[in-house]
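Colleague: Can you look at this prediction? I've put the sequence above it.
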Amino acid sequence: MRWSQTLIPTLKETPADAEIASHQLLLRAGLVRKLTGGLYTFLPMGLRSLRKVEQIVREEMDRAGAIEVLMPALQPPEIWQASGRYETARDVLYKVKDRAHKEWVLGPTHEEVITTLAAGEINSYKQLPCNFYQIGIKFRDEIRPRFGLMRAKEFIMKDAYSFDTTDAAAMASYQRMYNAYGRIFARCGLQAFPVEADTGVIGGNHSHEFMVPAETGENDIVYCESGGYAANIEKANSRGPLTPTPSVDTGAAPEKFATPGVVTIEALSAPPHGVPALAQIKTLVYVADSQLILVLLRGDDQLNEAKLLARTGATQVRPATPAEIQAALGASPGSLGAVQGVPANTRVYADHALQGARGMTTGANEDGFHLRHVSVERDIRVSQWEDFRTVRVGELCVSSGLPLKIRRGIEVGHVFKIGVKYSEKLNSTFLDENGQRQFCVMGCYGIGITRTLQAVIEQGHDKDGIVWPVSVAPFQVCLTPLSVAPDSAPMTLAVKLHDELTAAGIEVILDDRDERPGVKFKDSELVGFPLRVNLGEKSLAKGEVELKPRGGTVQMVKVEDATAQVIAWVKAALAKLG
RNA sequence: CGGGACGUAGCUCAGCCUGGUAGAGCGCUUGGUUUGGGGCCAAGAAGUCGCAGGUUCAAAUCCUGUCGUCCCGACCA
C-alpha cells in the first residue's frame, strides 16, 4: 500500500471536542471522523486496526469452540416484551417505525434473538453444550455519549451466548470464555484484568468484567494488593467501616430533641449538636418497582444503588420524590427516621454496619426534630439486613485482611452466567437423557470491539502519538524513502522492499509523498506504525538503511539484509504477544 | 434531565465587554527556494459569524428563543 493511495488525514492541532488522549489521537492520526455526537466514520487506518481486533477475537472464539453467526440489528419488539426488557431496558432502546407504523427495535444486545433461535433449533441434550457468537453493531440510546468510541450510540461488539444442560456445565462454558478473554486482550497488547462485577439488567448470578487500568476509565475498581481480590465498586465488599459503630448499651430510651433547620448529616455533626456522622442513621426512601422502601445506613456511609437493586430483587429503583416521602412518612427529607411513623407495609432495609448499633441519632419523622439514644435492633423494625454500603479506600479485604485500594478502569469485556432467565421467558428447552423437558442454562459474553481499540490507544501512546502493539497496528511497517523521485536510489529500494515484504506476508505502507523528512517522520509516529524503515541517500551511500522501532532506537542494517531483518523483527514482536 | 462552558474559513482560535468595511496561525492552490525531524519567501482561494426572531440608521457584537457541541452530575447491559 502506498500512502498517497489511501486516506490518512493527520492533524497537527488537537480537535477542540476531544478530551482524553485516545480520543484526540483517534482524530489526530486520522483513524476516525465524527459524523455527529456518538457516531463515527472509520477511515482506512482505523478500519484496518478495527478489523485486526475483530480477527483476534474471531480466532480465539473459534479456538474456544464458539460458532459464528450474524443476527439482525433490527428486531421485533415482541421478543423484548416477552423477556421483560421492553420495559426494563426502555431507556436505551432505539425504536423505529415502518411505513405501516409498526414499531421495531434496534438491538442494543441479542439475548432475545439468540434465545429465540435456540428455542427453535435446540431440542436435545445431545446438541449441548453450544456457544454462538457474532461480531456486529449494537445501538444504545446513551444518555451521554462521550470520549469518542468509548461510549457511543452505535458501536461494534462481539457477543457470545452459551447454552448448557446444567449449572455445572454452564460454569465450564463460562470458564472457557473467561480464559479466551485473557488470551484476546493479551494478543491485543492490552493489560486487562478480570474483576468481580454486578450483573445489572442482564440478570444472572456470576459475572466478571475485564478492565484496562486507566485514569480516564468510567469504572472504580476495588482491589487488594495481594492480587486475590478485585471487584467493580458496584459489587465490592470489605470487612466494614474502619471506625466502629457505637454499641454501648446505656439503657436509655429514644429521646426527641429539637434541631431546627438541621437537615443534613453534616449539619447535625457540627455544633451545637456535635453528633459524629458514624453515630447517625441515614434514612433513605426509595421506590423499588413502585413499592416505597426505606434503606438505613450509617451516617458516614454512601448507598450503593447497584447493591440495592440486587438485594431487593427489584428491576428498577429510584429515590422517592419529596412529595412521595411527605405523603408516606409525614416529614421532609432531612428529618426522616424509621423509629416511628413508618407504615406497617413498608419494608425497612438496613445495612450490616448498623447491626448492634446503640446510642444512635436519627430523624424523628417530624420536621425540626431528631431522636437520640436509638438502639437499632431494639427500636427499629428492620425487615432485612444486607450489605448496601459503598466500599471506601483503606477498608480491609474480606479474604486477605489487607487494606483495599481503588483505581479507575475501562471495561472492555464482560462475562455473565445468566442461568435460565431468558430460556424460561423465551422457551428455550431441551429433552434430557430421561426425556424430561428442561430449560437451557445460559451464559453471555461481550467484548466492546471499538472500545477495546480505543483502550489500546489509551494505554499505548506517548507525546508523539500512538504506540501500537504490532498485532493491531494498521500496518506493521512503514517504509520512508526520503526521496520519492521514481528512479532515485531510496525510492527504488523502497519499492523493492515493499514488494518483498508484502510477498512475505508483512503489512507494509510506503510513504511515497513528496514531503520533507520531518513531516513524514512526525506523521508516521503520530499514526504509530511499529517499525519504520528510513531510506535516505546518506545511509544508502554506506549500503545501509535504518530500522526505527516506534518508541525505540535506530538500528543500521545492510541493504541486502533489510528484508530478512524486518521480517524477523515483526515475527519476534508478534510472538511476544502470544 | 439538572449545572457549567462554547458555536466566527477544513482545523485551532482572536474580535463581542464599549454596535459602524470579517481577522490570525495551521491546512489548501500557484510560483520560487530549501531538502535527515511538521523549513522559508511571495501571491491566492476560502466564512449566510449555528439557526430564527427582536432592538437599532446600522448587529459577529445587545435581547429573546431554538438547535448543536463539550465538560460535571444523574443514568448505564
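Modeller: Great, that's in hand.
Colleague: List the contacts of the spatially most central residue of chain A.
Modeller: Taking Cα atoms, centre = their mean, the centroid of chain A lies closest to A:Glu411, which sits 2.3 Å from it. By Cβ atoms under 8 Å, 6 or more residues apart in numbering, the contact list for A:Glu411 reads A:209-211, A:217-219, A:448, A:451. C-beta here means a position set from N, CA and C on the backbone, and glycine is covered the same way.
Colleague: Specify which member of the residues you listed is nearest to RNA strand B.
Modeller: For the contacts of A:Glu411, the residue nearest RNA strand B by Cβ to the nearest atom of the strand is A:Glu218; the value is 6.0 Å.
Colleague: phi, psi of that closest one?
Modeller: phi -100, psi 0 (degrees, to the nearest 10).
Colleague: For it, grab the count of nearby residues.
Modeller: 13 (other Cβ atoms under 10 Å).
Colleague: Report the contact partners of it.
Modeller: A:150-151, A:408, A:410-411.
Colleague: re earlier: can you tell me the closest non-neighbouring residue to the residue nearest to the centre of chain A?
Modeller: The shortest distance from A:Glu411 to any non-neighbouring residue, by Cβ to Cβ, 6 or more residues apart in numbering, is to A:Glu209 (5.0 Å).
Colleague: Am I right that that neighbour sits in a helix?
Modeller: No. Secondary structure of A:Glu209 (DSSP: H, G, I helix; E, B strand; the rest coil): strand, not part of a helix.
Colleague: show me the contacts for it.
Modeller: So A:Glu209 contacts A:194-195, A:197, A:219, A:232, A:411, A:413-414 (Cβ under 8 Å, 6+ apart).
Colleague: Quick check: A:Glu112 touching A:Ala82?
Modeller: Yes. Counting by Cβ atoms under 8 Å, A:Glu112 touches A:Ala82, with 7.3 Å between them.
Colleague: So if I had to pick from the two, which one is more boxed in?
Modeller: Set A:Glu112 next to A:Ala82 and count neighbours by other Cβ under 10 Å: A:Glu112 wins out with 25 against 17.
Colleague: Just list the residues touching the residue of the stretch 451-578 of chain A found nearest RNA strand B, thanks.
Modeller: The nearest approach of the stretch 451-578 of chain A to RNA strand B comes at A:Gly536, 2.1 Å away (Cβ to the nearest atom of the strand). Residues in contact with A:Gly536 (Cβ under 8 Å, 6+ apart) are A:481-483, A:490, A:517, A:546.
Colleague: if we go to 6 Å?
Modeller: Counting by Cβ atoms under 6 Å, 6 or more residues apart in numbering, A:Gly536 makes contact with A:Leu482.
Colleague: and what of A:Ala573?
Modeller: Counting by Cβ under 6 Å, 6+ apart, A:Ala573 has contacts A:Val470.
Colleague: and if you look at A:Lys12?
Modeller: By Cβ under 6 Å, 6+ apart, A:Lys12 has no neighbours at all.
Colleague: try A:Ala328
Modeller: Here A:Ala328 is in contact with A:Leu292 (Cβ under 6 Å, 6+ apart).
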